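> Fold the following and give me the result.
(one chain, ligands or ions: 2)
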Amino acid sequence: MIMELTVDLHAHSVFAGGTQALKLTPEKYSENKKKAVNHLKKTNETMPLKGIDLIGTGDCQFTIWTDILKEVVIEDTPGIFYLEGNFHTRFILQTEIIFTLPIKKHSKIVHIVFLFPNFTSVESFRDLLTSWDVKHEKMARPFVKCASQAQVSDRIFRILEIDPFIEIIPAHIMTPQGIFGSNIKLTRLSDFFGPVTDRINILETGLSADPQFLGLIPELDTKTLISNSDAHSSALHRMGREFTVIRVSKIEYSHIIQSLRSNKVEYTVEFPPEEGRFFLTGHRSGRKKPGVHDNSQYCYFSPQHVPEGDICPICHKNLTIGVFQRCMEVAKAQGISRNLNSIIPKQKFIRMVPLIDILSKARNVKTRTSKLLIRDYKHIVSIIGPENILWKITLDEMEEKLSGQVDEPILNALRHVKKGNFTFYPYGYDGEYGTLKLGEQGNFQDIKVIKSSTPLQQKLY
Ligand SMILES: [Zn+2]
Ligand SMILES: [Zn+2]
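Ligands and ions are numbered 1, 2, ... in the order given. The predicted model follows:
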């Protein structure tokens, strides 16, 4: 029997920030274990509200985390786990590793998600990392520093040789730390991966892109595109903010991998790219870019308005290139010019604005973990079902279910989103999330904003 399974295959554990694992005392271990188990329990509460069946453990090779997982999870079917006593959410062994490669005096950084069928393969993977001198005991998301492209390819082949069902998924491929990101501009997957490119079947869209934007890039036409939250916390506005619905015949690890490899993706659910932290090209204010800009200075641009040479008109340093611009550049470099507006995505997807963000606007409460917002959220879910249902039903169906049940400002905010009557001001750029604005529409293809209290020394065009 074929069934739909909703998955989020890229998340992080409570150890993602790194910890001095080697120096851990037994007391520290039990403190960490408590933190980690709490995270799993919260995940168990959050995922059903979102309508997600299965999520990655994150950081699965990080020794302290592997040890805790082995203690507290139970294998349900081969490669699929649940937290003892909590059956709502299933877990899959997953991590994100950072590969680096020197290119023209710089270091190309590429984040890669790996999925593992069992703990034995995770341990063999860790042995490989040790043999390559990777500091995996201190970092949950370690760096694998490679000297050449041949070494990148060879090392990934060696990881994949551990077990035929280990899967490689280049992460958030258009962001600065993705394969096509701006830190060093590459044109094709093989520019980084070399011969192992043939083993790459699945790529992650990332929060700032979706199948429509990625439809600009010819090389991706034959690939499976999936969406994941890349969540670093179990909060409602982070976990499951993007996910993928696949068709499987059994909820077993190997079936899930086969389904992904053969592109049995029913649809992905996408965060609005314009809200993503790297959507437009720009430089943020000094509040988060100290020493470069002062607090009143920032700028961001749609591709057609980016200053020549990608140079910031305020500080004259290189701008952080947005995902939108990179999609256009990679498409052009691959020799085919496609128009974003006329692309018919090969893969179905649903755009959603996270419900908690809409509630935050409707209630004018900024803290998205506030009790009031969570109460509203759970109330809506109790009427409609998990959040993913809200994005599948029609406007009329939503009205029918929610009229008289929720406060008018909330219903009104939901109407705006359902009708596509929203934008972001500003859009996401240079590591800043976009800010939702309801009841207005914007054109992200025609944006040029430069805010500076000091006169610009450079002509723009
Ligand atoms: Zn990453
Ligand atoms: Zn600047």
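
> for this protein, which spans come out with low pLDDT?
Under the criterion pLDDT under 70, the flagged ranges of the chain are 17-24, 288-289, 454-461.

> same for the biggest helix by length in it, what does it pack against?
Longest among the helix segments of the chain by residue count, using DSSP state H, is helix 26-50. Contacting helix 26-50 under the criterion 3 or more CB pairs under 8 Å, 6 or more residues apart in numbering; DSSP states H and E are the following elements: helix 63-72, strand 80-83, strand 86-103, helix 371-384, helix 387-392. Using the backbone N, CA and C atoms, a C-beta is placed for each residue, glycine as well.

> quick one: that helix to chain centroid distance?
21 Å (CA atoms, centre = their mean, to the nearest Å).

> and it with helix 371-384, angle?
Angle between the axes of helix 26-50 and helix 371-384 is 50 degrees (criterion: axes from the mean of the first three to the mean of the last three CA atoms, to 10 degrees).

> and helix 26-50, which residues are buried?
Counting neighbours by 16 or more other CB atoms under 10 Å, one finds that the buried residues in helix 26-50 are 32-33, 36-37, 39-41, 43-44, 46-47, 49-50.

> Kindly present the residues you listed as CSV, with separate columns for distance to ligand 2.
Conversion of these to CSV gives the following (distance: CB to the ion, whole Å):
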residue, distance to ligand 2
Asn32, 40
Lys33, 44
Ala36, 39
Val37, 44
His39, 37
Leu40, 41
Lys41, 43
Thr43, 38
Asn44, 43
Thr46, 37
Met47, 40
Leu49, 40
Lys50, 37
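
> can you tell me which of the residues you listed lies nearest to Glu242?
Lys50 (10.5 Å; CB to CB).

> The closest one and ligand 1, how far apart?
20 Å (CB to the ion, to the nearest Å).

> pretty sure that residue is in contact with Leu390, am I right?
No. When contacts are counted by CB atoms under 8 Å, Lys50 is not listed as touching Leu390 (10.4 Å).

> Met174: how many residues sit nearby?
31 (other CB atoms under 10 Å).

> Hmm, it is touching Leu216, no?
No. Contact status for Met174 versus Leu216: not in contact, 10.1 Å apart, counting by CB under 8 Å.

> For stretch 354-362, give me every contacting residue.
The set of residues external to stretch 354-362 that reach it, using CB atoms under 8 Å, 6 or more residues apart in numbering, is 236-237, 241, 271, 365-368, 373-374, 376-377, 380, 387, 390, 407, 409-410, 412-414, 417, 436, 438.

> swap the cut-off to 6 Å and go again
With contacts defined as CB atoms under 6 Å, 6 or more residues apart in numbering, stretch 354-362 is touched by 236-237, 241, 368, 373, 376-377, 387, 409-410, 413, 417, 436, 438.

> now the strands for the stretch 351-461 of the chain?
Assigned strands in the stretch 351-461 of the chain, in chain order: 422-424, 436-438, 448-451 (criterion: DSSP state E, counting those that start in this stretch).
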